[in-house]
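Undergrad: sequence first, predicted model second:
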Amino acid sequence: MPSVKIPRKSTATDMTPFVDVAFLILSFFMLATKFKPPEPVTITTPHSVSTEKLKENDAVLISFDSVGHVYFTMNVKKEDDASRAKKADFIKGISQERNLGLTDKEVNSWVRLSIIGSPFSQVKQVLASPARGNIRQPGIPVDSTNNELTTWIAHARVAYQGSSALFMIKGDNNAKYPSFKGVIQALRANDIYKYQLITDPEGVPSGTDLYTRRQENIKD
């Protein structure tokens, strides 16, 4: 009995739904992705060979740019209600000591401000600006006759009391020595002699002891 041959038919796959799904996923990532915001102050740090990465949680960051403008940033582990309350108490303490007369609205604006770099006499003006996050600030005075950074650091120590806060310095490679000297003097005035420097890490030169140790660790 002859066998019956079943006719073969080509399988056609409609790719239209897959294309729709691909564009939906692409659109989701384009709309949901949060890009890192640009830094308020551009600082080119010097190069160094570092063996560990600095942790910026619960830290005070003091930075200064190439022309010597000094800025102050108060970082916390996470932006929750307790952290915002800590920042608010920190700001109210400064306002009371320096007679700034900040309102609750101005205090809340300062809590959301990532970096401050103005003399106390201009703080209210900065907080009143709609573009306070991008405004060019003149820097905190750190000269020998008026080192306002000392007050900032003193209140930061009170705010971080009971926790292991770090004090970090991030200076531009082209900055002049007086700015760095003023920052160090403000730290010493608050009995802070241990701080960490933020630099741009580079490769370890071959032939050095650190290079040899790292090569041995890789082999192990």
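TA: Good, I have the coordinates.

Undergrad: every contact and neighbour count from this point should use C-alpha atoms.
TA: Will do.

Undergrad: list the buried residues in the one helix or strand Ser83 maps to.
TA: Using DSSP states H and E, Ser83 sits within helix 81-97. For helix 81-97, burial by neighbour count (16 or more other CA atoms under 10 Å) applies to Ser83, Arg84, Lys86, Lys87, Ala88, Asp89, Phe90, Ile91, Lys92, Gly93, Ile94, Ser95.

Undergrad: quick check: mean pLDDT of that helix?
TA: For helix 81-97, mean pLDDT is 84.

Undergrad: now the phi/psi pair for Ser63, please.
TA: phi -130, psi 150 (degrees, to the nearest 10).

Undergrad: begin at 759, not 1, for the rest of this chat.
TA: Okay, residue one is now 759; in that scheme the one you just asked about reads as Ser821.

Undergrad: you'd agree it is up against Ile873?
TA: No: using CA atoms under 8 Å, Ser821 makes no contact with Ile873, being 9.7 Å away.

Undergrad: next, count neighbours for Ser921.
TA: Neighbour count for Ser921, taken as other CA atoms under 10 Å: 9.

Undergrad: gap between it and Gln943?
TA: As for Ser921, its distance to Gln943 is 23 Å (criterion: CA to CA, to the nearest Å).

Undergrad: SS state for the residue lying closest to Arg842 once chain neighbours are set aside?
TA: Nearest in space to Arg842, with sequence neighbours left out and distances taken as CA to CA, 6 or more residues apart in numbering, is Val869 at 6.6 Å. Three-state call for Val869 (DSSP: H, G, I helix; E, B strand; the rest coil): helix.
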